[in-house]
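J.: would you be able to build a 3D model of this:
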Amino acid sequence: MSYLEYTVKSVPTGLRKIFYLNWPLVLLLTAVAGTGFLMLYSVAGGGYDPWAEPQIKRFAIGLVLMIAVGLVPVWLWRNLAGVAYSVSIALLIGVEFFGSVGMGAQRWIDLGFMRLQPSELTKITLVMFLAAYYDWLPTKKTSRPFWVLLPLIFILVPTALVLKQPDLGTAILLLAAGGGLMFLAGVHWAYFATVLAAFIGLVTTVFKSRGTSWQMLQNYQFRRIDTFLDPSTDPLGAGYHITQSKIALGSGGWTGRGFMQGTQSRLNFLPEKHTDFIFTTLAEEFGFLGGVSLLTLYALIIVFCVASAVMNKDRFASLLTLGVALNFFLFFSVNMSMVMGLAPVVGVPLPLVSYGGSAMLVLMLAFGLVQSAHVHRPR
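T.: Residues are numbered from 1 along each chain as shown. You can find the predicted model right below:
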């Protein structure tokens, strides 16, 4: 027995779990969050107020929350998955009646000390519930029609409630994360091929209906599609945001203009520079190399999660870890695609970097579940 093993075994069982935490994952999350603090300091013109200081405090709380959740046995989270999912659905319904309105959408519940966005919480509770469902379901039933229909209903109910707020970005993430977890659980590929073929057919039909008597979208909706495909058609209107974002991305070059030297963000040309478009500020100030460095940190987080899931022999814990990793991947990939003009602007923040309380705390809670699965895996 090595000295390290002897030291670990000599520690009381409750505290011993701390040694089993996935500490490289903790360091990577801290590095990404640190990048966010730096950028929030920059977009504020060199001040901790109004964004950097609250974000640092939230991350500190989130870090404690993650470790606390990680020390709880994973079987308890499996047993609470149905309750967590039900609570998140109730909160989404509550938003319809008691929700606060901001930027034209009703998405938040005011708790006094913070504004909770239930749709953020739903991203995690949905993954928990689906992981518990497929852990309970015998493998041979995974692809049978009835047992495929049930998880679809579990996915579509919160998606419909989120769409009503309206929050298209989160609705898309719920659909993608839910469908992805179904695929990872072993649902036959033919179901996904059928959905993809139907989607392609629907999109084709919508475009072919333009200018006909049976046109499926309004003219203004088609104009939005035109603007997304070519923002230069309306550079001062609907295409303004993405045009300014591309200017910032391109002006950064290989190494960037330098910290706090970005003209697009300092002169307020960038929209939502502290939330949805914060990646463009990073790319302008630190260039291509800065953007790739952040993307590398994100990729390493995914790698550590997948490695932990592959080594875990508990089906619920493995699916839970993969579901959180998938959610995290969708978060940053959609945001980066959005600000580069590769996807429509749907209001998805950059994880751990964009300013936001609910998103930060819920994401740290999600990685707490990953830690719980890692700490309590069969050894």
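
J.: where does pLDDT dip in the stretch 51-200 of the chain?
T.: 99, 101-105, 112-114 (pLDDT under 70).

J.: go again using 80 as the cut-off
T.: 97-116, 165-166, 168 (pLDDT under 80).

J.: hey, C-alpha coordinates of stretch 294-309 in PDB?
T.: This file holds the C-alpha atoms of stretch 294-309, laid out as PDB (Å, rounded to 0.1, in the frame of the first residue of the first chain):
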ATOM      1  CA  LEU A 294     -11.400  28.600 -24.300                       C
ATOM      2  CA  LEU A 295     -12.700  25.900 -26.700                       C
ATOM      3  CA  THR A 296      -9.900  23.600 -25.500                       C
ATOM      4  CA  LEU A 297     -10.900  24.000 -21.900                       C
ATOM      5  CA  TYR A 298     -14.500  23.200 -22.800                       C
ATOM      6  CA  ALA A 299     -13.400  20.100 -24.800                       C
ATOM      7  CA  LEU A 300     -11.300  18.900 -21.800                       C
ATOM      8  CA  ILE A 301     -14.400  19.200 -19.500                       C
ATOM      9  CA  ILE A 302     -16.300  17.000 -22.000                       C
ATOM     10  CA  VAL A 303     -13.400  14.500 -22.200                       C
ATOM     11  CA  PHE A 304     -13.200  14.100 -18.400                       C
ATOM     12  CA  CYS A 305     -17.000  13.700 -18.100                       C
ATOM     13  CA  VAL A 306     -17.100  11.000 -20.900                       C
ATOM     14  CA  ALA A 307     -14.100   9.200 -19.400                       C
ATOM     15  CA  SER A 308     -15.900   9.100 -16.000                       C
ATOM     16  CA  ALA A 309     -19.100   7.800 -17.600                       C
END
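
J.: please enumerate the strands of the chain.
T.: Using DSSP state E, the strands of the chain run over residues 100-102, 105-110, 115-116.

J.: how far does the longest one sit from the chain's center?
T.: So that's strand 105-110. Remark: strand 105-110 is offset 18 Å from the chain centroid, using C-alpha atoms, centre = their mean, to the nearest Å.

J.: which other helices and strands does it contact?
T.: When contacts are defined as 3 or more C-beta pairs under 8 Å, 6 or more residues apart in numbering; DSSP states H and E, strand 105-110 packs onto helix 74-98, strand 100-102, strand 115-116, helix 118-136. (Glycine included, C-beta is placed from N, CA and C.)
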